[in-house]
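1. Predicted model follows, preceded by the sequence.
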There are 2 protein chains.
Amino acid sequence: MSDQVLVFSRFSKKLLARIGQRFDLLDTYGAPPLEAFSAAQLASIRALITAGGQPLGADVMDALPALGAIVCYGTGYDGVDLAAARARNIAVGNSPAANAAAVADLAMALLLATERRLLPADQYVRGGGWASAAASPLMSAPRGLTGARVGVYGMGEIGRKIAARAAAFEMEVQYHSRSRHDVPYPYHADLGDLVAWCDILIIAVRAGAETHHVVDAAMLRKLGAGGTLINIARGSVVDQAALTAALADRTIAAAGLDVFETEPHQPGALSALPTVVLTPHIGGHTASSHLRMQDCVIANLAAFFAGQPLAYPVQA
Amino acid sequence: MSDQVLVFSRFSKKLLARIGQRFDLLDTYGAPPLEAFSAAQLASIRALITAGGQPLGADVMDALPALGAIVCYGTGYDGVDLAAARARNIAVGNSPAANAAAVADLAMALLLATERRLLPADQYVRGGGWASAAASPLMSAPRGLTGARVGVYGMGEIGRKIAARAAAFEMEVQYHSRSRHDVPYPYHADLGDLVAWCDILIIAVRAGAETHHVVDAAMLRKLGAGGTLINIARGSVVDQAALTAALADRTIAAAGLDVFETEPHQPGALSALPTVVLTPHIGGHTASSHLRMQDCVIANLAAFFAGQPLAYPVQA
């Protein structure tokens, strides 16, 4: 019999197909483990697969007394209580950089769509406004990307790929992260300085307690009336109520968001704005990036069940 | 008194403001010259400003007996009957490459929006589909850009800038144009070969009689079921009825179009498709690109009225 693996988060069947060929999956379909399975069934579970952003604390670990490995599908692991895992001798692994290109691509898609006002433009054509020479929402020319200042917050694998793409658009790129990296872009030791400098702020930082609401009302005022915010990292980095207010009163110009404080995001004041583009956390959701993430999940599980260290342990 | 210049096409007041400071503009607001002005007024007109795509033939030239210069606002001059102009000793100028970066940026915006399904994604979030866990139009993962094959048709200034941007997205780039260029991308002497090879075809060729409907039903079959078509050049290059049919029956997967056979485009079968992104010919419409185009228009007019050759004559 194959090794048993609990599927803790909700995943589509298709994403788990390759992993299921190799391991015996007990799928909770997103329900709490104790609702989906009996305590006796859970007692023998030694490994689980989770989406890194979903809260996974000591309570879950204690319901799984044999648990030895938490394997995150994707790069993120911010939902996992790493201290609790360490205290229980549970290894935590992820899929580092497997989805970096796909997430960087979506960041650029959001940037281009907001800067060139793609959604209002499509609506204007599709709805007949252009044909009837109705007043155009596009009359006043946008600044254009050439020479625009892009601030990248976070210079991990995703941040680097965003910076490389932005530079190809003849934009100026500068960045902030905890420490200086060996990259050809000017560094700001202070996030506020980067934000005050840039026209377009792209959040690509790893989420955690220290980044919670770092982009707040004061930071959005620094971004300013011509400013655009792109977030493809985690919703927790941004004070979403402050962002919604800043967009509504034009403290900043536009936003492209793939992530939200609460997911799935409920339509609200943000959804009423024509200056935003909203996507349902699909940054890493491409066929090629799923293949690479699945490779990492399989490699982590195979190493664990072979009694070896995880192939891709979380580097906290 | 300043030199008089007829404004032949319809332009917004804002776009003409800088030019109007230097020259005395007689604005037709897009009406036929003889409707807007008397024959006596037109008799003294020596120069006009036009949008390059708008038909401007011998009849217009003959209504302006003193005409010596046709100055195109933008790169295109496909609407101008160059032979008729030459026969009448009328110089034709344009704004070469002034909008190349802005147009290349929009090509990438359309590519990213179609490949990552940005419009359905935004609708899914905005309309509450995500929050209510409604069936997602995004469930099946798109291929992702990494490693996708981009075919660029036309390797002028715009084509080069598109290729440079596409390469930064870790896509493979190859191209077709009338002749081989000194660029680091493989060349196809035959357009059909390029189309058969690529996943995403981007039309960046200069329009003319020889490119009319070059992308027809047969070419779209070559592009194939996974194929995406992006057109930021001219609508005349594509057989739009064939394209609409190919999208409707899934002969190809998606299209991003900034240009149409008839502009403004009337909503029709194309507008009903969720696999297309439609923009109202805004490729070059950015503040920085307008500034550069106006510089070229002013330089062309100033040279002409000074009795010199145009600063940017059309290189036909």
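-> Noted; the coordinates are in hand.

2. who does the lengthiest helix in chain A touch, helix- and strand-wise?
-> Identified as the longest helix of chain A according to DSSP state H is helix A:287-305. Other elements packing on helix A:287-305 under the criterion 3 or more Cβ pairs under 8 Å, 6 or more residues apart in numbering or on different chains; DSSP states H and E are helix A:13-22, strand A:47-51, strand A:69-73, strand A:91-93, helix A:100-115. Heads up, the C-betas are built off the backbone N, CA and C, glycines and all.

3. closest to A:Ala242 out of those?
-> With Cβ to Cβ as the criterion, A:Ala242 lies closest to helix A:100-115 of the helices and strands packed on helix A:287-305, at 18.3 Å.

4. quick revisit: how big is the angle separating the longest helix of chain A from helix A:100-115?
-> Angle, helix A:287-305 to helix A:100-115, by axes from the mean of the first three to the mean of the last three Cα atoms, to 10 degrees: 140 degrees.

5. If you count neighbours, what's buried in the strand or helix carrying A:Ala166?
-> Using DSSP states H and E, A:Ala166 maps to helix A:157-168. Across helix A:157-168, burial judged by 16 or more other Cβ atoms under 10 Å in any protein chain shown covers A:157-166, A:168.

6. Residues contacting it, please?
-> A:75, A:96-97, A:100-101, A:103-105, A:107-108, A:111, A:150, A:152-153, A:155, A:173, A:175, A:177, A:181, A:183, A:185, A:202, A:204-205, A:232-233, B:164-165, B:167-169 (Cβ atoms under 8 Å, 6 or more residues apart in numbering or on different chains).

7. roughly how far out does stretch A:18-27 sit from the chain middle?
-> Here stretch A:18-27 is found 25 Å from its chain centre; the criterion is Cα atoms, centre = their mean, to the nearest Å.

8. Just the buried positions in that stretch, please.
-> A:19, A:22-23, A:25-27.

9. any idea which of those residues is the one closest to B:His213?
-> Nearest to B:His213 among the buried residues of stretch A:18-27: A:Ile19, at 48.5 Å, using Cβ to Cβ.

10. who in the stretch 101-250 of chain A is up against chain B?
-> A:101-102, A:105-106, A:108-110, A:112-113, A:116, A:118-119, A:121-122, A:124-128, A:130-131, A:133, A:136, A:138-147, A:164-165, A:167-170 (Cβ under 8 Å from any Cβ of the partner chain).

11. Any of those residues buried? List them.
-> A:101-102, A:105-106, A:108-110, A:112-113, A:116, A:118-119, A:121-122, A:124-126, A:128, A:130-131, A:138, A:141-146, A:164-165, A:168-170.

12. sec struct for the residue in the stretch 1-150 of chain A positioned nearest to chain B, please.
-> The minimum distance from the stretch 1-150 of chain A to chain B, using Cβ to the nearest Cβ, falls at A:Gly144 (2.8 Å). Secondary structure for A:Gly144, judged by DSSP: H, G, I helix; E, B strand; the rest coil, is coil.

13. residue contacts, it?
-> Listed by Cβ under 8 Å, 6+ apart, the contact set of A:Gly144 reads A:115, B:101-102, B:105, B:286-289.

14. Over to A:Ala302?
-> A:Ala302 touches A:22, A:311, counting by Cβ under 8 Å, 6+ apart.

15. so how far is A:Gln266 from it?
-> 39 Å (Cβ to Cβ, to the nearest Å).

16. just checking, A:Val205 touches A:Val152?
-> No: counting by Cβ atoms under 8 Å, A:Val205 does not reach A:Val152; the two are 9.2 Å apart.

17. quick one, which of these two is more surrounded?
-> Legend: neighbour count by other Cβ atoms under 10 Å in any protein chain shown for A:Val205 and A:Val152, higher for A:Val152 (29 against 25).

18. And the more buried one, how far from A:Leu194?
-> Using Cβ to Cβ, A:Val152 is found at 8 Å from A:Leu194.

19. Also A:Phe11?
-> With the distance defined as Cβ to Cβ, A:Phe11 ends up 36 Å from A:Leu194.

20. Between these two, point out the one with more neighbours.
-> Between A:Phe11 and A:Leu194, counted using other Cβ under 10 Å, the more crowded position is A:Leu194 (23 against 18).

21. can you list the weak-confidence ranges in chain A?
-> Within chain A, the segments meeting pLDDT under 70 span A:1, A:316.

22. which SS class is the residue with the largest distance to the centre of it?
-> Largest separation from the mean C-alpha position in chain A: A:Ser132, at 40.5 Å (Cα atoms, centre = their mean). Put simply, A:Ser132 is coil when judged by three-state DSSP.

23. swap in A:Gly192?
-> helix.

24. Which secondary structure state is assigned to the nearest residue to it once chain neighbours are set aside?
-> Once flanking residues are discounted, A:Gly192 sits nearest to A:Lys222: 5.9 Å by Cβ to Cβ, 6 or more residues apart in numbering or on different chains. Following three-state DSSP, we place A:Lys222 in the helix state.

25. if I pick A:Asp295, what's in contact with it?
-> Here A:Asp295 is in contact with A:95, A:98 (Cβ under 8 Å, 6+ apart).
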